[in-house]
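# Sequence and predicted structure, then a few things I'm wondering about:
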Amino acid sequence: MTHIAEPKGGGLKREMGLMSAINVIISVMIGSGIFVSPTGALKYSGSVGFCLVVWAVCGVISLLGALCFAELGTIVPRSGAEYAYLIEAFKKSHRYWGPLPSFICAWVYVVVLRPAEIAVIILTFAEYSILPFINVLGLESLPKEDLHNLIKLVALLGLGIITYINVSSVKLYVRINNIFGFCKVFACLIVIFGGIYQLAIGNVENLSRGFAGTNFNPGNIALAFYNGLWAYDGWSSVTTITEEIKKPEVN
């Protein structure tokens, strides 16, 4: 494939190195999905064995997608992910209809997909943030509607802080993102080694049931894969900021 030249003129500052780019992917992938999705994946798969198969297949699909986007990111060194690739692929095919796929892609992402995704993520963040304080502050006595409003208020506050960090400074965002990225990896390692320890001491009751109770209903299988892929979502995130990465063809 032919390498596309970088756009001339003004552009974003390239202030992100390899580790910062990796931490962007880690921070997006290790998010609400890893806490919310396992319950749904196990519920709809019906068995521990089939649930593990779902996770493995979703991982392979995500890996293949990530490798494809990594190649596209080196060929088209522009921010925008799918939008940038679609406009580069079809813009010369027709004066008017060529840019249409990229326009539709951008419209769907801005109006439908990303707002819905961010809403789920920020509400999950807010719910888990106030959870430790419910008993301490006596929030369990609040009416359910007031508790939901409190969750929404915390979500708006968190969204405002994140927005301010992103628009104020790339370096500040990178620094904070790197810190949280390492914290997430550390938390995942605790969970992983905790699971290995439980297996080592003989707690294998769930694995002993294997594929017993597997649900072969096509709708439930689709929902199980949906939950699995949601947890893996984020592997393409770094291609949205390609122009901010130093030497993207290398990093």
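Received it, and whenever you're ready, just let me know what you need. Numbering: from 1, shown residues only.
# going forward, measure contacts between C-alpha atoms and count neighbours the same way
Fine.
# what ranges of this structure fall below the confidence cut-off?
Applying pLDDT under 70 to the chain flags residues 1-13, 15, 32, 249-251.
# So in it, which helix runs the longest?
helix 170-200 (DSSP state H).
# Could you give the number of residues near residue 223?
If you count neighbours by other C-alpha atoms under 10 Å, residue 223 ends up with 16.
# Does it fall in a helix, a strand, or a coil region?
Here residue 223 takes the helix state, with states given by DSSP: H, G, I helix; E, B strand; the rest coil.
# which non-adjacent residue is nearest it?
Distances taken as C-alpha to C-alpha, 6 or more residues apart in numbering put residue 44 closest to residue 223, at 6.4 Å, once the chain neighbours are dropped.
# quick one on the thing from earlier: tell me which helix or strand comes right after the longest helix of the chain.
Following helix 170-200 in sequence order, the next helix or strand is helix 205-208 (DSSP states H and E).
# Any buried residues in that following helix, and which?
Buried residues in helix 205-208, counting neighbours by 16 or more other C-alpha atoms under 10 Å, are absent.
# Packing partners of it?
helix 48-75 (3 or more C-alpha pairs under 8 Å, 6 or more residues apart in numbering; DSSP states H and E).
# buried ones in the helix it packs on?
48-52, 54-55, 58-59, 62, 66, 69-70, 72-75.
# got it, and stretch 145-160?
Under the neighbour-count criterion of 16+ other C-alpha under 10 Å, stretch 145-160 has 147, 150, 151, 152, 154, 155, 156, 158, 159 buried.
# In three-state terms, label the residue nearest to residue 223 for me.
helix.
# what's it in contact with, if anything?
215, 220, 221, 223, 224 (C-alpha atoms under 8 Å, 6 or more residues apart in numbering).
# Could you find the closest non-adjacent residue to residue 239?
Of all residues not flanking residue 239 in the chain, residue 81 sits nearest, at 4.9 Å (C-alpha to C-alpha, 6+ apart).
# which pair in the contacts of residue 44 spans the largest distance?
215 and 223 (11.2 Å; C-alpha to C-alpha).
# Could I get the contacting residues of residue 231?
Residue 231 touches 29, 30, 31, 32, 33, 34, 37, counting by C-alpha under 8 Å, 6+ apart.
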